[in-house]
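Colleague: Give the three-dimensional model of this entry:
(2 chains)
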Amino acid sequence: GESVGLHLPTLSVQEGDNSIINCAYSNSASDYFIWYKQESGKGPQFIIDIRSNMDKRQGQRVTVLLNKTVKHLSLQIAATQPGDSAVYFCAENDTGFQKLVFGTGTRLLVSP
Amino acid sequence: NAGVTQTPKFRILKIGQSMTLQCTQDMNHNYMYWYRQDPGMGLKLIYYSVGAGITDKGEVPNGYNVSRSTTEDFPLRLELAAPSQTSVYFCASSYETGLDYEQYFGPGTRLTVT
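Modeller: Purely as a prediction, here's the structure:
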């Protein structure tokens, strides 16, 4: 079946560094991708999304890059802060019906 | 708006017991979802609904049932609880429009079956 996965389960960075979280997807027909942040004990929270007709989208301190050629998605966080420590999930739509397929997640640890 | 609310926050069940996880949203979203999240894992879709009276199975529906009698509520029923159903359960909702698929999540229900 189609799947979404992540290269690194845990990423440790220093405060102020830039963080890059990667995600591979396998469904070449997916037209929408989304990143969620999940803090301990809480539900996932939307960060940023991107449609397949775009290569890059920027938000506040976050950028998502989409490389459809190699089916790769990345989330860049600029000037990482301790409050960014969380698990980050990428997700892709499933058959265009607002059903999201989630990856396993990457834990980001930010040291002061 | 309260967004998506879930009750209870925590619950311990004995094997074979049953319970209903409640989910309510006040954003007038037509789409609602139930996920489970096992430790260190991503979210798996259990059931979803595209509107009142309409539900469909997701990736892992066995052992669960849902109903959607109103737009606001989407309860998840566990019959004959098993240890394999120990997990954190998240309810989510989203807009009907196809412009985006952002789902809004509740805080979760942590369920332990012993």
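
Colleague: Return the residues in contact with A:Leu108.
Modeller: A:Thr10, A:Leu11, A:Val13, A:Ser19, A:Ile21, A:Ile77, A:Thr80, A:Asp84, A:Ser85, A:Ala86, A:Val87, A:Tyr88 (C-beta atoms under 8 Å, 6 or more residues apart in numbering or on different chains). Using the backbone N, CA and C atoms, a C-beta is placed for each residue, glycine as well.

Colleague: Can you get me a residue count around the fifth one?
Modeller: The reference is to A:Ile21. A:Ile21: 23 surrounding residues under other C-beta atoms under 10 Å in any protein chain shown.

Colleague: Tell me who's in contact with it.
Modeller: Going by C-beta under 8 Å, 6+ apart, the list of residues near A:Ile21 reads A:Leu6, A:Leu8, A:Leu11, A:Trp35, A:Ser74, A:Leu75, A:Gln76, A:Ile77, A:Tyr88, A:Cys90, A:Thr106, A:Leu108.

Colleague: min pLDDT across these, which one?
Modeller: When these are sorted by pLDDT, the bottom entry is A:Leu6 at 43.

Colleague: Narrow the contacts of A:Leu108 to those that are buried.
Modeller: A:Leu11, A:Val13, A:Ser19, A:Ile21, A:Ile77, A:Thr80, A:Asp84, A:Ser85, A:Ala86, A:Val87, A:Tyr88 (16 or more other C-beta atoms under 10 Å in any protein chain shown).

Colleague: Dihedrals phi and psi, the fourth one?
Modeller: This means A:Ile21. The phi and psi values for A:Ile21, taken as degrees, to the nearest 10, are phi -110, psi 130.

Colleague: Find the residue closest to it in space, skipping its chain neighbours.
Modeller: Distances taken as C-beta to C-beta, 6 or more residues apart in numbering or on different chains place A:Leu75 nearest to A:Ile21, at 4.5 Å, with adjacent residues excluded.

Colleague: so what's residue 109 scoring on pLDDT?
Modeller: The chain I'm using is chain A. For A:Leu109, pLDDT reads 95.

Colleague: let's do chain B instead
Modeller: B:Thr109 is assigned 97 on the pLDDT scale.

Colleague: what sits against it?
Modeller: By C-beta under 8 Å, 6+ apart, the contact list for B:Thr109 reads B:Gln6, B:Thr7, B:Pro8, B:Lys9, B:Phe10, B:Arg11, B:Leu21, B:Val88, B:Tyr89.

Colleague: Might one say that A:Gly103 is in contact with A:Leu75?
Modeller: No. Look at A:Gly103 against A:Leu75 with C-beta atoms under 8 Å: they stay out of range, at 11.2 Å.

Colleague: Now for those two: what residues contact both?
Modeller: Shared contacts of A:Gly103 and A:Leu75, defined by C-beta under 8 Å, 6+ apart, comprise A:Cys23, A:Cys90.

Colleague: quick revisit: and the residue nearest to A:Ile21, how many neighbours does it have?
Modeller: 25.

Colleague: Which strand or helix spans it?
Modeller: strand A:72-77 (DSSP states H and E).

Colleague: now what about that strand, what contacts it?
Modeller: A:18-25, A:33, A:35, A:47-48, A:50, A:61-67, A:84, A:88, A:90, A:108.

Colleague: For the residue nearest to A:Ile21, give the beta-bridge partners.
Modeller: A:Ile21, A:Val64 (DSSP bridges).

Colleague: Distance check, it against B:Ile46.
Modeller: 26 Å (C-beta to C-beta, to the nearest Å).

Colleague: now B:Arg110
Modeller: For B:Arg110 relative to B:Ile46 (C-beta to C-beta), the value is 15 Å.
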